[in-house]
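Undergrad: below are the sequence and a predicted model for it; my questions follow.
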Amino acid sequence: MTKKFKLVGGGVAVGALLLFLLFGSDAMSYVSTSISKVHDSVKGSVPVDFELERARNEVDKITPEIQSNMQLIAKEEVELEQLSERIDSLEESLVGDHRAITRLQSDLESGSETFIYTGNEYTVTEVKRDLSNRFSEYKVNDETLKSLKQVYASRHHNLDVAEEKLSEMQSIKRQLVAQIDNLEARNKMVEVARSSSELVISDSQIARTSELINEIKSRLSAEEKILDAEILPMDRIPVEADGDENDVVADVAAYFNQKTTDSLAASNR
């Protein structure tokens, strides 16, 4: 096996050396041009019907991508809706926390030593500690709200871009289908035109029959001349006319002359 590979490798090396010796630095250009011509020749021999079918199959492959993107968009829409609900809930919570913090702050500023909330008494220290905790939590939640709003805005923007891209993909697919339909119609017209140009009505049988009839006519004419020559010798001059023909002409003239005479006589009576 190794020996076989060495032989193949040596043959390739020799071929490359010959190309270099023949064409020099232009060898690769000749090789690439030859490969390109072979590729174009092979591609040009593929029937148009096959290429159109291949194009339609390629367009069909776009459908799964569109469906996948539609699922991603639908999922993102659900998640954004959930995120929006979370933002609304946090905003509502912050409104209540702000109201409570403002009340605790106002109570502490009053200078009282004890405070009563929902029937329970609390000292200044307890109220300050609760105010401090509430305020720290409020600041964290407020920062969280800002971050969530930024995330929502960014994801919503990305969703808009994705929906626009999906719409564009669907539009392009429809255009591609329409183009393929148009190309198929044009290909049908080309096939019809080609078949029309190749439509040759054969009249060879008519020609042969006409030629045969002409041959028969010529043969009969020749035979008739031969028969006439046998009846009337070709070496004699026809001095006297055919008596029967002259008699017929005279008979016709006499008949009509006599008929005219009889008519005149009858009219004079």
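TA: Everything's here; your move. Numbers count the residues shown, from 1 in each chain.
Undergrad: could you use CA atoms for every contact and neighbour count after this?
TA: Noted.
Undergrad: what's the helix or strand encompassing residue 179 packed up against?
TA: Here residue 179, judged by DSSP states H and E, is contained in helix 124-197. Other helices and strands packing on helix 124-197, by 3 or more Cα pairs under 8 Å, 6 or more residues apart in numbering; DSSP states H and E, are helix 48-60, helix 62-109, strand 114-117.
Undergrad: so the second one versus helix 124-197, what angle?
TA: Here helix 62-109 runs at an angle of 160 degrees relative to helix 124-197 (axes from the mean of the first three to the mean of the last three Cα atoms, to 10 degrees).
Undergrad: picking up where we left off before, can you tell me which of the helices and strands packed on helix 124-197 is nearest to residue 165?
TA: Nearest to residue 165, of all those, is helix 62-109, at 9.4 Å by Cα to Cα.
Undergrad: which strands and helices lie in contact with the closest one?
TA: In terms of contacts (3+ Cα pairs under 8 Å, 6+ apart), helix 62-109 is packed against helix 124-197.
Undergrad: quick check: next helix or strand after the helix it packs on?
TA: Sequence-wise, the next helix or strand downstream of helix 124-197 (DSSP H and E) is helix 204-231.
Undergrad: domain-wise, how is the protein divided?
TA: The chain breaks down into these domains under automatic domain parsing: 2-45, 59-197, 201-232.
Undergrad: follow-up on the earlier one: relative to residue 139, which of the helices and strands packed on helix 124-197 is closest?
TA: That would be, of these and by Cα to Cα, helix 62-109, which comes in at 9.3 Å.
Undergrad: average pLDDT across the closest one?
TA: Computed over helix 62-109, the mean pLDDT rounds to 95.
Undergrad: so where's the stretch 101-250 of the chain shaky on pLDDT?
TA: Low-confidence segments of the stretch 101-250 of the chain (pLDDT under 70): 196-203, 228-249.
Undergrad: before we move on, what SS does residue 46 have?
TA: Classification of residue 46 using DSSP: H, G, I helix; E, B strand; the rest coil returns coil.
Undergrad: and it, what does it touch?
TA: Shown in contact with residue 46 (Cα atoms under 8 Å, 6 or more residues apart in numbering): no residues.
Undergrad: quick check: it vs residue 59, distance?
TA: In this view, residue 46 and residue 59 are 19 Å apart by Cα to Cα, to the nearest Å.
Undergrad: now swap in residue 118 and tell me
TA: 70 Å.
Undergrad: out of the two, which sits in the busier spot?
TA: residue 59 (16 against 5; other Cα atoms under 10 Å).
Undergrad: could you check how far the more buried one is from residue 106?
TA: Distance from residue 59 to residue 106, by Cα to Cα: 70 Å.
Undergrad: can you check residue 90 too?
TA: Taking Cα to Cα, one finds residue 90 at 24 Å from residue 106.
Undergrad: okay, the two: which has more neighbours?
TA: Each of residue 90 and residue 106 has its neighbours counted (other Cα under 10 Å); residue 90 has more, 17 against 11.
Undergrad: let me see the contact set for the residue nearest to the more buried one when sequence neighbours are not counted.
TA: What sits nearest to residue 90 in space, not counting adjacent residues and going by Cα to Cα, 6 or more residues apart in numbering, is residue 145, at 6.8 Å. Listed by Cα under 8 Å, 6+ apart, the contact partners of residue 145 are 87, 90-91.
Undergrad: nearest to residue 158 among those residues?
TA: The closest of the contacts of residue 145, once distances to residue 158 are taken by Cα to Cα, is residue 87, at 18.5 Å.
Undergrad: before I go, just wanted to say thanks for your time.
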